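# compute the structure for the input listed below.
(one chain, ligands or ions: 1)
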Amino acid sequence: MPPNLTGYYRFVSQKNLEDYLQALNINLALRKIALLLKPDKEIDHRGNHMTVKTLSTFRNYVLEFEVGVEFEEDLGIVDGRKCQTIVTWEEEQLVCVQKGEVPNRGWRHWLEGETLYLEMTARDAVCEQVFRKVK
Ligand SMILES: CC1=C(/C=C/C(C)=C/C=C/C(C)=C/C=O)C(C)(C)CCC1
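The predicted structure is shown next:
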């Protein structure tokens, strides 16, 4: 059974964000800002309906979807693109595929105890972020 991911998760650490942002062709000015942020995640998970909020002091990115249902994702504030996106469960991992201009784009989330992991990929770049559940 997939876990319920509802909760507020505080940013702990990340690796390779710069590579990931470069793979998305994000300009230097925005990359510099993004590298200074420590975005938290707030997840609301009710059955197949999920809202994942990426919350930072600069900008927030809110993603709302039904698990297993493809939708058009507007990534305007991230890199200006749109994707055909689908999120599914692979065992205990929440896995997202973002089809569009950038090959091999997507992410996965999994929980180990109170630690939430996020692995984001674009082209050959892989960025890992770690969060701690605080409520
Ligand atoms: C570049 C950039 C951002 C990047 C956001 C990203 C990369 C969000 C990823 C969200 C995911 C993968 C949600 C699923 O859990 C911010 C923080 C909006 C601030 C503006 C610049």
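# now the helices for this structure?
All helices of the chain, identified by DSSP state H, fall at 17-23, 28-36, 76-79.
# quick one: contacts for the residue nearest the centre of the chain?
Using Cα atoms, centre = their mean, the residue of the chain that lies closest to the mean C-alpha position is W107, 5.9 Å off. By Cβ atoms under 8 Å, 6 or more residues apart in numbering, the contact set of W107 is V95, C96, Q98, L118, E119, M120, T121. Every C-beta, even on glycine, is put in place using the N, C-alpha and C of the backbone.
# right, and G106 touches C96 too?
Yes: with contacts counted by Cβ atoms under 8 Å, G106 reaches C96, the gap being 5.0 Å.
# out of the helices of the chain, which one sits most buried?
Comparing the helices of the chain by mean neighbour count (mean count of other Cβ atoms under 10 Å), helix 17-23 comes out on top with a mean of 19.
# summarise which helices and strands it is packed against.
For helix 17-23, the elements it packs on are helix 28-36, strand 115-122, strand 125-133, judged by 3 or more Cβ pairs under 8 Å, 6 or more residues apart in numbering; DSSP states H and E.
# so which of these gets nearest the ligand?
Nearest of these to the ligand, taken as Cβ to the nearest ligand atom: helix 28-36 at 4.2 Å.
# alpha carbons only: can I get the closest one in CSV?
Output of helix 28-36 as CSV, limited to C-alpha atoms (Å, rounded to 0.1, in the frame of the first residue of the first chain):
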residue,chain,number,x,y,z
LEU,A,28,22.1,32.3,-14.5
ALA,A,29,20.2,35.0,-12.6
LEU,A,30,17.3,32.7,-11.7
ARG,A,31,19.7,29.8,-11.0
LYS,A,32,21.6,32.0,-8.5
ILE,A,33,18.4,32.8,-6.7
ALA,A,34,17.1,29.2,-6.8
LEU,A,35,20.4,28.0,-5.3
LEU,A,36,19.9,30.2,-2.2
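# next one: that helix to chain centre, how far?
Relative to its parent chain, helix 28-36 has a centroid offset of 17 Å by Cα atoms, centre = their mean, to the nearest Å.
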